[in-house]
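In: give me a model of this one.
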Amino acid sequence: MYRSLEKYSSNFHLYIFAFDDDCYRILSELKLNKATIIRLCDFEDEQLLAIKSTRTTGEYCWTCTPSIILYSIQKFDLSNCTYLDADLFFYADPGVLIEEAEGASVIITPHRYSPMYEDSESGGTYCVQFVYFKNSDEGMAVLNWWREACIEWCYNRREPGRFGDQKYLDIWPSKFSGVHVLAHLGGGVAPWNVQQYDFEHKMGQIWGKELSSQRNFPVIFYHFHALKYAEGNSFTLAGRNLISNNDIHFLYKPYVKALKSSGCEIQSISRVQKFHEMNEIPRIRKSLRRMFNLYVLGKFREYYHQSYFLR
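Out: Next up is the predicted model:
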């Protein structure tokens with residue numbers, strides 16, 4: 001993901017929260033010029049530590065989502081900050097997504113579920129994958145509310161109005177002012193909505209076409225949920241999501257090549273044998289877990305299984 005941002009955006013900085021020591025060491029040794037690597041122990045506060053033992057590892061990661069955004073804004077005096085899931089990959093400059101909001105203080109992205117995967121009622125209308133906050137009264141009101149809600153309850157189970165850190169987003173547009181729902185179809189293409197589009201190369205980048213409306217749009221990022229390495233240079237698409245050959249050619253193949261390149265980069269600096277196997281690198285190794293990448297635009301502003309073999 002870092003390399004894709006580096007390719008398409010000249011004005012960004014990532015704040016990466018490493019949730020284990022191996023992750024911190026390897027990311028530090030990569031010497032990423034546009035990234036700041038932060039240890040878990042440097043970030044955790046009393047409120048988080050007080051509830052840490054009540055959450056699974058995954059649930060604690062979800063619990064920390066709003067806290068790491070708030071930490072970054074306060075620690076590094078940021079005017080705005082965007083949370084990114086670690087398994088995103090960019091095909092164009094995401095600055096256009098911020099520009100669409102026209103000064104809004106918060107941006108959230110809808111799942112845009114295909115009918116066969118509709119899950120808004122229990123899983124949430126919006127996806128915690130790309131969430132923008134401006135350091136303003138409106139933005140901080142939403143962020144602080146979300147942090148307190150996640151500290152109080154953030155579990156991997158579905159209850160009325162709650163699911164992890166995600167279902168909370170459903171009420172933001174009606175509860176708070178300054179919240180913008182992203183309209184750009186290229187921001188948030190994912191396995192649960194990709195069935196609605198076809199893709200092609202045009203004007204030097206990847207474009208999508210919405211099949212129902214024939215509307216064209218540049219693809220900004222794809223969310224590679226459930227992509228896992230099998231062995232060698234093959235990968236599997238686990239879960240219920242239907243992925244076409246068109247999707248694989250235009251979206252998945254570039255990402256797999258980027259993962260392979262990142263794997264070689266990690267291997268070149270790693271002193272830990274377990275990092276020498278390619279199957280340790282999905283999402284740049286499972287131990288990076290959702291390593292909480294934050295993207296800052298400047299300082300001011302399946303059942304479906306398929307294996308694809310790289311040649």
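In: looking at the chain, which strand is longest?
Out: strand 126-134 (DSSP state E).
In: backbone torsions only: list them for the spatially most central residue of the chain.
Out: In the chain, the centroid-proximal residue (C-alpha atoms, centre = their mean) is residue 85; its distance is 1.8 Å. Torsion angles at residue 85 (phi, psi; degrees, to the nearest 10) stand at phi -70, psi 150.
In: mind listing what residue 126 touches?
Out: If a contact means C-beta atoms under 8 Å, 6 or more residues apart in numbering, then residue 126 has 108-111, 166, 169-170, 172, 181 as its contacts. The way it works is simple: take the backbone N, C-alpha and C, and place the C-beta from them, glycine included.
In: excluding its backbone neighbours, what's nearest the residue nearest to the centre of the chain?
Out: Spatial nearest neighbour of residue 85, chain neighbours left out: residue 129 (4.6 Å); criterion: C-beta to C-beta, 6 or more residues apart in numbering.
In: rewinding a little: of the contacts of residue 126, buried ones?
Out: Neighbour counting by 16 or more other C-beta atoms under 10 Å classes 108-111, 166, 169-170, 172, 181 among the contacts of residue 126 as buried.
In: out of these, which comes closest to residue 89?
Out: Residue 89 lies nearest to residue 109 out of the buried ones among the contacts of residue 126, by C-beta to C-beta, at 15.0 Å.
In: what strand or helix carries the closest one?
Out: Assigned by DSSP states H and E, residue 109 belongs to strand 106-110.
In: contacts made by that strand with the rest, please.
Out: Residues from elsewhere that reach strand 106-110 (C-beta under 8 Å, 6+ apart): 82, 97-98, 101, 125-127, 129-134, 138-139, 142-143, 169, 172-173, 176, 178-182, 187-188.
In: return a PyMOL selection command for the buried portion of those.
Out: Restricted to buried positions by 16+ other C-beta under 10 Å, the PyMOL selection for the contacts of strand 106-110 reads:
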select buried, resi 82+97+98+101+125+126+127+129+130+131+132+133+134+138+139+142+143+169+172+176+178+179+180+181+182+187+188
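In: hmm, who's touching stretch 26-42?
Out: 2, 5-6, 12-20, 24, 71, 76, 265-266, 269-270, 275, 291.
In: mean confidence score for whichever helix or strand residue 70 is part of?
Out: Assigned by DSSP H and E, residue 70 belongs to helix 57-75. Averaging pLDDT along helix 57-75 gives 97.
In: between the helix or strand following that helix and strand 126-134, how many degrees?
Out: Sequence order places strand 80-84 as the next helix or strand after helix 57-75, per DSSP H and E. Counting by axes from the mean of the first three to the mean of the last three C-alpha atoms, to 10 degrees, strand 80-84 lies at 160 degrees to strand 126-134.
In: which residues does the residue nearest to residue 122 when sequence neighbours are not counted bridge with?
Out: Using C-beta to C-beta, 6+ apart and skipping residues adjacent in sequence, the residue nearest residue 122 is residue 158, 4.4 Å away. For residue 158, the beta-bridge partners under DSSP bridges are residue 163.
In: quick one: contacts for residue 158?
Out: With C-beta under 8 Å, 6+ apart, residue 158 has these contacts: 122-123, 167.
In: could you check how far it is from residue 116?
Out: To residue 116, residue 158 is 19 Å away according to C-beta to C-beta, to the nearest Å.
In: wasn't residue 241 part of a helix?
Out: No: Residue 241 sits outside any helix when classified using DSSP: H, G, I helix; E, B strand; the rest coil, being coil.
In: now do it: how many residues are near it, please.
Out: Residue 241 has 21 neighbouring residues, counting by other C-beta atoms under 10 Å.
In: now do it, the pLDDT please.
Out: 71.
In: where does pLDDT dip in this protein?
Out: 231-233, 238-240, 270-311 (pLDDT under 70).
In: for it, what spans make up the helices?
Out: For the chain, the helices defined by DSSP state H occupy 2-8, 21-29, 40-43, 46-51, 57-75, 95-100, 120-123, 137-152, 172-175, 245-247, 253-269.
In: contacts for the fourth one?
Out: The contact list for helix 46-51, computed with C-beta under 8 Å, 6+ apart, reads 63-64, 67, 151.
In: buried members of those into ChimeraX, please.
Out: A single ChimeraX command suffices to select whichever of the contacts of helix 46-51 are buried according to 16+ other C-beta under 10 Å:
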select :63,64,67,151
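In: turn the contacts of helix 46-51 into CSV, including distance to residue 37.
Out: Formatted as CSV, the contacts of helix 46-51 follow (distance: C-beta to C-beta, whole Å):
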residue, distance to residue 37
63, 21
64, 16
67, 17
151, 24
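In: specify which member of the contacts of helix 46-51 is nearest to residue 89.
Out: Closest approach to residue 89 among the contacts of helix 46-51 (C-beta to C-beta): residue 64, at 22.7 Å.
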